[in-house]
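following is a predicted model, sequence given first.
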Amino acid sequence: MKIVVIGGTGLIGSKLVATLNEHGHEAVPASPNTGVNTLTGEGLAKVLEGAAVVVDVSNSPSFADEPVMEFFRTSTTNLLEYSAKAGVGHYVALSVVGTDRLADSGYFRAKIVQEKLIRDSGRAYSIVHATQFFEFVKAIADFSTVDGTVRLPSALIQPMVSDDVAAAVARVAVGEPLNGIREIGGPEEFRLDELVRKGLAAKGDPREVVTDEQALYYGVRLGERTLLPGPDAQLGETTFDKWLAQQ
């Protein structure tokens with residue numbers, strides 16, 4: 001089947017396109033790089049023609065409160081409209097485990113709006129909630145660094161590798177619409193501070209990671225289990241140690 005991947009040239013999107021094509025589908029990457037702009041609608045009608053599924057794994061270029069809200073509200077509204085006109089039968093979107101618990105963040109408020117637009121559209125849909133990616137451990141450290149020291153709480157986190165994210169999204173995309181949410185995560189739980197400490201050490205990064213229960217995670221105060229998926233989550237197989245060894 002033809003599956004259009006919005007954000008198909010990014011980290012997850014490129015892996016998703018490759019996975020779907022390997023399984024005999026016609027996966028088409030769609031992004032500004034390929035002449036498709038979900039904010040303006042440019043190229044959407046053409047790329048969605050004949051598609052059975054659209055998968056949105058795109059992300060906002062800015063995480064500031066107003067631009068990120070504008071991005072997800074506008075792009076999702078356009079995608080829903082254009083895909084409906086094209087007769088696309090299954091709308092899939094990638095979001096984040098714990099989104100509804102992270103509303104103190106402007107980014108996650110925008111993701112909440114994105115998900116509500118999809119649910120309220122009347123379309124057959126599936127939303128995939130993924131935990132944090134191994135690839136973004138350094139980004140967490142960078143965001144949480146003050147005067148050369150990384151300050152993070154010890155909340156639990158169950159991260160996963162981007163390959164496993166792409167594989168899980170691919171399975172959802174070729175299946176029947178869930179009309180609900182599927183949670184996915186990694187095979188192991190970590191303390192957030194321990195995860196980042198381990199990731200930096202493996203890369204020879206000398207920054208000290210200090211455990212600070214008052215420290216924020218992207219502007220949000222975390223509870224013990226805020227970032228964890230529920231008991232029915234589908235778990236990837238790749239461990240953090242295995243991924244680190246491959247870097």
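Yep, that arrived.

where along the chain do the strands fall?
2-6, 26-30, 53-56, 90-96, 125-130, 145-146, 149-152, 156-157, 181-185, 190-191, 208-211, 234-235 (DSSP state E).

I'd like the ones you listed as JSON lines, with distance to Thr76 and mean pLDDT appended.
C-beta coordinates here come from the backbone N, C-alpha and C atoms, glycine included. Listed next are those as JSON lines, based on distance: least, C-beta to C-beta, whole Å; pLDDT from 0 to 100:
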{"stretch": "strand 2-6", "distance to Thr76": "10", "mean pLDDT": "98"}
{"stretch": "strand 26-30", "distance to Thr76": "14", "mean pLDDT": "98"}
{"stretch": "strand 53-56", "distance to Thr76": "7", "mean pLDDT": "98"}
{"stretch": "strand 90-96", "distance to Thr76": "8", "mean pLDDT": "98"}
{"stretch": "strand 125-130", "distance to Thr76": "11", "mean pLDDT": "98"}
{"stretch": "strand 145-146", "distance to Thr76": "32", "mean pLDDT": "94"}
{"stretch": "strand 149-152", "distance to Thr76": "31", "mean pLDDT": "98"}
{"stretch": "strand 156-157", "distance to Thr76": "27", "mean pLDDT": "98"}
{"stretch": "strand 181-185", "distance to Thr76": "16", "mean pLDDT": "98"}
{"stretch": "strand 190-191", "distance to Thr76": "32", "mean pLDDT": "98"}
{"stretch": "strand 208-211", "distance to Thr76": "36", "mean pLDDT": "97"}
{"stretch": "strand 234-235", "distance to Thr76": "24", "mean pLDDT": "98"}
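
closest one to Ala64 among those?
strand 90-96 (17.7 Å; C-beta to C-beta).

pull stretch 123-135 out as CSV, backbone CA atoms only.
Written as CSV, here are the backbone C-alpha positions of stretch 123-135 (Å, rounded to 0.1, in the frame of the first residue of the first chain):
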residue,chain,number,x,y,z
ARG,A,123,-11.2,9.9,11.2
ALA,A,124,-9.9,6.4,11.7
TYR,A,125,-6.7,7.0,13.6
SER,A,126,-3.9,5.5,15.7
ILE,A,127,-1.6,7.5,18.1
VAL,A,128,1.7,6.0,19.1
HIS,A,129,3.1,7.2,22.5
ALA,A,130,6.9,6.5,22.6
THR,A,131,9.2,7.0,25.5
GLN,A,132,12.4,9.1,25.2
PHE,A,133,15.0,8.0,22.6
PHE,A,134,18.5,6.9,23.4
GLU,A,135,19.7,9.3,20.8
